[in-house]
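Enquirer: Kindly return the folded structure for what I paste below:
(2 chains)
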Amino acid sequence: GENVEQHPSTLSVQEGDSAVIKCTYSDSASNYFPWYKQELGKRPQLIIDIRSNVGEKKDQRIAVTLNKTAKHFSLHITETQPEDSAVYFCAAPSLRASGYSTLTFGKGTMLLVSP
Amino acid sequence: NAGVTQTPKFQVLKTGQSMTLQCAQDMNHNSMYWYRQDPGMGLRLIYYSASEGTTDKGEVPNGYNVSRLNKREFSLRLESAAPSQTSVYFCASREPITDYGYTFGSGTRLTVV
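Expert: Below you'll find the predicted structure:
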């Protein structure tokens, strides 16, 4: 099955700085890479995703880059704000024995943005 | 449009007790999932249902059973709760044909003492 490694486990930045979270995956056939944000006590929510036919995708202050050769993808947050403080999870598809694909998640990165 | 609804939100069980976690979605999604979240472990898949009438094991199925009651509902049952099952449980759904993204419920925080 898929193995997703996520780094760092915690990240502290000053407001206005950029933050980068990196993930690696093991299955070269994976073709979809979402990022989820989970605020304290809340549910994970999809914030951005990228498919394997593109190398970069942006949505306002967040962007995701994908390097299929190296099998890694990254989340970039620019001009960080205190409300960006949360746990961020990356994920990649994992092909099950049934032939169906489910998401395997990284262990998460706690991002703390100090005013 | 409620999305994915989970009940209960909190539960305390004694070791050996049983309970069922309920999940319902109103988005007409075909696929549903149960994940557990533990500190430092991320989200781990317990069981999934690719479509109505099918269920399959995920990464950590031991001690759990599931029922896909109909297209809307997917329940998770703990037959004999153990302290190791203390966790936050999330149900999720998606429509695999049109949308890769998962929609999560608000979670059930379960404590087994």
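Enquirer: from here on, contacts and neighbour counts on C-alpha atoms
Expert: Noted.
Enquirer: Bridging across strands, which residues link to the nearest residue in space to B:Gly105 that is not next to it in sequence?
Expert: Excluding the flanking residues, the one nearest B:Gly105 by Cα to Cα, 6 or more residues apart in numbering or on different chains is B:Val4, at 4.7 Å. Beta bridges link B:Val4 to B:Gln25 when assigned by DSSP bridges.
Enquirer: now A:Thr104: how far from B:Tyr33?
Expert: The gap separating A:Thr104 from B:Tyr33 is 12 Å, by Cα to Cα, to the nearest Å.
Enquirer: Looking at the two, which has the bigger crowd around it?
Expert: More neighbours surround B:Tyr33 than the other of A:Thr104 and B:Tyr33, with 28 against 23 (other Cα atoms under 10 Å in any protein chain shown).
Enquirer: how about the strands in the chain?
Expert: Since you didn't name a chain, this refers to chain A. Under the criterion DSSP state E, strands of chain A are mapped to A:4-7, A:10-14, A:19-25, A:32-38, A:45-51, A:56-59, A:62-67, A:72-77, A:86-95, A:101-105, A:109-114.
Enquirer: Chain B, not that one
Expert: In chain B, the strands defined using DSSP E lie at B:4-7, B:10-13, B:19-25, B:31-38, B:42-49, B:56-57, B:64-68, B:74-78, B:87-94, B:103-104, B:108-112.
Enquirer: Let me see the mean pLDDT of stretch A:52-63.
Expert: The pLDDT scores in stretch A:52-63 average 91.
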